[in-house]
Structure formats: structure tokens, C-alpha cells
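**Student:** model this:
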Amino acid sequence: MIFLKNMSPVKGGGRGINMIKKLFSVVLSASILICSGVQVAKADTVGWQDGQRYEYPVTPVDKEWGEFSSHQEMLDHCQLPEECVKEMTTEQLFNTVLKYPLLIDILFYDDVMAGISEVAKQFNGLDELLKREDIQEVLKDKYMAVVIPVAEHQDYSKLSVDDDVRLMSRQTKENIYLDLQERLEIYFEEALFFMDGISSGYSDSEKKAITEEAVSKMEMKAVSPVFNYQKTKGFAEFAYKDDDNARVWKNVIVSDFADADIYSGKEGFPILLSKKSRDKMQRKGDSTIYVKTPNGTKVKCIIKSNNQLNSDRNVEQQKLAYPEATFVAVGYSGNNCHAYAWTGRQDMWMNSPAAYISDKSYKEISGGRPTGNGQKAVWGNLQHSAIVMDYTKQDPIVVSKWGAEYIWRCAAGYCYNAAGNIKYYKRNN
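**Tutor:** Residues are numbered from 1 along each chain as shown. This next block holds a predicted model:
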């Protein structure tokens with residue numbers, strides 16, 4: 001078994017980032033040696049962890065993580081050495097991806113599957129994992145073996161959403177991080193089953209076995225404080241989607257569940273499978289609403305039937321990943337960044353704000369910087385929207401809703417999707 005040389009934690013105020021950069025270079029070089037088959041001195045902190053996964057040089061529990069000022073800096077320090085990526089077995093790579101410090105980003109898109117696809121564009125480890133031919137087998141084995149936690153590592157009653165996570169003890173941060181990782185593993189694995197190229201790789205009997213395990217896990221999630229009110233988020237949520245991958249699963253397993261299951265403690269998943277049961281659920285289903293741009297163009301939005309005020313139970317977990325962001329509000333589960341930024345409403349979901357730009361209600365600001373507060377910031381191909389709060393800063397301060405999750409205030413370049421180009425728009429008066 002090969003390990004990297006043990007390295008002491010970085011110390012020293014403002015010098016932390018420079019030290020981390022040096023450490024990262026050393027780790028990268030040593031990792032290349034490992035993947036080339038060269039023996040390196042035994043250690044237990046950085047490089048390979050127990051021969052099962054790569055150990056990231058800095059994680060959210062480290063003080064230095066709080067010194068990163070941009071999302072791009074975080075991404076740069078989390079990339080895997082390409083030589084290691086190719087040499088890892090799929091199981092090693094899977095374990096490494098589960099510990100990716102920014103895996104939480106998968107929660108900030110339209111759904112976790114969309115999040116996985118976007119994060120794969122930013123993280124070479126996940127990109128490689130999705131290409132592995134044996135990912136189905138490794139995924140199934142991992143999911144069947146994972147245990148739903150019955151208790152949290154951290155006592156959150158002792159914390160406040162106003163606490164500065166950077167001032168917490170390392171033990172507290174480690175506990176919060178463990179809770180986050182356990183929650184993310186389930187969401188990540190359950191979403192993967194429905195991803196293109198993975199879903200079709202299972203036989204009918206495997207689909208049934210996986211589904212039975214998912215139902216069992218959902219019942220355990222219902223009483224696990226780690227998942228609290230989100231017991232049906234995950235497998236059940238994805239199976240209900242109206243797409244080809246979801247239909248394949250439903251067509252195979254529908255015969256295994258009768259309506260009686262609704263009343264036998266398996267509430268939440270079997271109800272999604274039969275048409276009769278789906279109709280029951282959709283009596284108060286999602287509805288369509290139209291809002292208008294300033295120039296009068298109709299924009300289709302969705303009022304989600306399950307829209308509810310988010311719990312504040314996971315604020316500390318998101319603050320741990322993004323310690324430079326300021327928590328604003330819990331927000332609503334049926335509200336996203338576009339609806340929040342372009343209409344100010346929190347009772348609906350907007351798939352795209354494109355009409356606000358195409359009908360010339362708003363125009364792009366030349367020079368790549370906002371010129372006033374209240375203007376709109378847009379990332380990439382209309383992937384994320386925010387409201388400018390302080391345009392005078394070198395990196396403008398914005399407030400935005402992160403997917404269906406919380407509302408945050410931070411520098412535009414620190415936002416979870418800031419790896420894409422940012423454009424600013426103002427009213428075209």
C-alpha cells in the first residue's frame with residue numbers, strides 16, 4: 001500500500017493561501033509519483049487514505065478553506081492529478097468523488113441530476129467517474145451497503161444560523177462535515193441510478209432489488225435526523241420525473257407495488273408508481289402561472305404544490321462549504337434563483353429568464369461590471385441569476401437563491417456557479 005508523506009497543517013495568518021498553494025504543488029507531484037508506481041514515504045494525512053481514495057490537500061474543515069476568495073480557487077485546489085484519475089479503480093474513484101469538498105454543489109441546480117452533470121464539468125474526478133464502464137456495478141454495491149445514519153454527529157441545538165463557522169472548533173466542523181457527507185452520499189447515489197448511460201445498465205431484477213432497497217432506505221430517512229423533513233428527496237423524487245430513464249424504472253417495478261402500500265408504511269415512493277395513485281397525488285399538483293417582463297412578454301413559471309419554507313437544519317453545512325457567504329434567509333423549496341432575482345417572488349419556479357433579455361427589457365452592461373445596485377447578474381448560459389447589492393466592490397456583492405436551497409449574499413466570484421462567465425444587466429429604459 002502506498003501513502004504520501006505526512007505534512008503538518010498550514011499555519012500563519014495571511015500566508016495561509018500561499019502555503020496551501022505550495023502544499024498543493026507538493027501533493028500533486030507526490031501523487032504523480034504514486035500513480036506512476038513510485039514508492040513514497042508512508043503517511044496518513046494527505047494523498048491516499050487507507051489505499052481507498054485520494055485525500056484532498058484542503059477541505060472545508062481546514063482554516064485555509066475559509067481563506068479562498070473565489071469559487072475558482074476552490075475548484076483549482078480540488079482537482080485530482082490526471083495521472084491518478086486514470087490509474088484509480090472505479091471503486092477508488094467513487095470513494096474519492098464522495099469526499100469531493102464541493103460535492104454540495106449538486107444541490108444547487110434544478111435537481112440533483114442536473115447538479116451532477118454541471119459539477120462534472122468543473123471537477124475532473126466526477127467527469128471521469130461518469131465515463132467508467134463498470135460504474136453501474138460499483139454504484140449498486142455502494143448503495144446497497146450504505147447505512148442511513150440514526151443520529152447526527154453534531155448537536156445543532158447548540159449552534160445558531162448567525163454563527164461564524166470559521167470560528168468554530170475543528171471538532172465541530174468535522175462533525176458538521178460528516179453529517180453533510182452522509183446526506184450527500186445518499187442523494188448522489190440515488191440520482192446516479194437515473195442518469196443517462198447508467199440507468200439502462202441494470203437488468204429488471206436488479207432494478208427491482210435496488211428499488212426495494214430505496215423504499216427501505218426512505219423509511220429509515222423518515223426517522224433519521226440527518227434527513228429530517230427531506231425523507232422523499234432522492235430516489236422517489238427522481239422516479240416521479242417525466243423522462244425516459246424514470247419511465248424505464250417505473251415500468252419494471254410498478255407491478256411489485258399495489259395501492260395498499262400507501263397505507264402500509266411505504267408512503268412516498270409506491271404512491272408514485274401506479275396511475276391511480278399518481279392521480280391522487282396530482283389533485284393538488286403543480287400549476288402553471290405566467291408573469292410579464294417590463295416590456296410585456298409572458299414568462300411561464302411553475303407554482304409547485306410542495307412549496308414550503310425550508311428548514312434551517314442544514315444552514316451550518318452550507319456555511320461550512322462556503323464560509324465567505326452570508327446567510328440571508330431559508331427561502332422556499334419551490335422557488336429558484338431566476339424567480340427570486342427577476343421577479344422578487346418566492347412562491348414560484350422560473351426555468352429561464354431569457355425573455356427579459358430577448359425582448360430588450362434588460363440590456364447587457366458593457367465593461368463586464370455593474371453600474372448600480374438592483375441590477376441583475378447572470379452566470380454562463382443563464383444557469384444562475386442574482387441581484388447586485390453592492391456594485392462598488394472589486395468583486396460585486398450579490399444576493400441569490402441557490403437552487404431550491406437557501407438565500408445567500410456573497411461576492412459574485414464566490415458564488416457556487418461562478419466558474420462560468422458572469423454578465424450584468426440593467427433596465428433598458
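**Student:** Contact partners for Val315?
**Tutor:** By C-beta atoms under 8 Å, 6 or more residues apart in numbering, Val315 lies in contact with Val161, Phe327, Val330, Tyr406. Every residue, glycine included, has its C-beta placed from N, CA and C.
**Student:** which residues in the stretch 301-429 of the chain form strands?
**Tutor:** 326-329, 349-350, 362-364, 376-379, 384-390, 397-401, 407-411, 422-427 (DSSP state E, counting those that start in this stretch).
**Student:** How about the stretch 151-300 of the chain?
**Tutor:** 287-292, 298-303.
**Student:** Alpha carbons of the last one, in CSV - could you do that?
**Tutor:** So that's strand 298-303. C-alpha atoms of strand 298-303 as CSV (Å, rounded to 0.1, in the frame of the first residue of the first chain):
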residue,chain,number,x,y,z
LYS,A,298,-45.2,36.4,-20.9
VAL,A,299,-42.8,34.1,-19.0
LYS,A,300,-44.0,30.7,-18.0
CYS,A,301,-43.4,29.8,-14.3
ILE,A,302,-44.4,26.9,-12.0
ILE,A,303,-46.3,27.0,-8.7
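**Student:** That strand to strand 287-292, inter-axis angle?
**Tutor:** Here strand 298-303 points in a direction 140 degrees away from that of strand 287-292 (axes from the mean of the first three to the mean of the last three C-alpha atoms, to 10 degrees).
**Student:** quick one: contacts of strand 298-303?
**Tutor:** 286-293, 334, 339, 347-351, 353, 355-356.
**Student:** Now the buried members of those residues.
**Tutor:** Among the contacts of strand 298-303, those that count as buried by neighbour count (16 or more other C-beta atoms under 10 Å) are Val291, Thr293, Gly334, Ala339, Met348, Trp349, Met350, Pro353, Ala355, Tyr356.
**Student:** who touches Asp163 in this structure?
**Tutor:** So Asp163 contacts Glu316 (C-beta under 8 Å, 6+ apart).
**Student:** So what does it have for phi and psi?
**Tutor:** Main-chain dihedrals, Asp163, degrees, to the nearest 10: phi -70, psi 140.
**Student:** where does it land on pLDDT?
**Tutor:** At Asp163, the pLDDT value in this model is 93.
**Student:** Kindly report the same for Gly380.
**Tutor:** For Gly380, pLDDT reads 87.
**Student:** Could you give the number of residues near it?
**Tutor:** For Gly380, the neighbour count with other C-beta atoms under 10 Å is 15.
**Student:** wait, doesn't it sit right on Asn421?
**Tutor:** Yes: Gly380 lies in contact with Asn421 (C-beta atoms under 8 Å); the separation is 6.3 Å.
**Student:** With distance to Cys78 added, can I get the strands of the stretch 301-429 of the chain in CSV?
**Tutor:** Shown next, in CSV, are these (distance: least, C-beta to C-beta, whole Å):
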stretch, distance to Cys78
strand 326-329, 23
strand 349-350, 30
strand 362-364, 31
strand 376-379, 19
strand 384-390, 20
strand 397-401, 22
strand 407-411, 18
strand 422-427, 21
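**Student:** Of all those strands, which one is nearest Phe188?
**Tutor:** Closest approach to Phe188 among the strands of the stretch 301-429 of the chain (C-beta to C-beta): strand 384-390, 20.6 Å.
**Student:** Within the sheet, what are the partner strands of the closest one, with directions?
**Tutor:** Its sheet considered, strand 384-390 pairs with strand 376-379 (antiparallel), strand 397-401 (antiparallel) by DSSP bridges.
**Student:** Please report the distance of Phe123 from Lys319.
**Tutor:** From Phe123 over to Lys319 the distance is 21 Å, taken as C-beta to C-beta, to the nearest Å.
**Student:** Give me the more crowded residue out of the two.
**Tutor:** Shown here are Phe123 and Lys319; by other C-beta under 10 Å, Lys319 has more neighbours (24 against 21).
**Student:** can you pull the contacts of the more buried one?
**Tutor:** Going by C-beta under 8 Å, 6+ apart, Lys319 touches Val165, Ala325, Phe327.
**Student:** Nearest the geometric middle of the protein, what residue?
**Tutor:** Ile106 (2.1 Å; C-alpha atoms, centre = their mean).
**Student:** re earlier: Ala209 is nearest to which of the strands of the stretch 301-429 of the chain?
**Tutor:** strand 349-350 (34.0 Å).
**Student:** what about Tyr340, how many residues close to it?
**Tutor:** Using other C-beta under 10 Å, Tyr340 has 24 neighbouring residues.
**Student:** Of the contacts of Val315 - the most surrounded one?
**Tutor:** Using other C-beta under 10 Å as the neighbour test, the contacts of Val315 are led by Tyr406, with 21 neighbours.
**Student:** For Tyr340, which residues are in contact?
**Tutor:** Contacts for Tyr340 (C-beta under 8 Å, 6+ apart) come out as Gly331, Gln346, Ser385, Ile387, Ser400, Lys401, Ile407.
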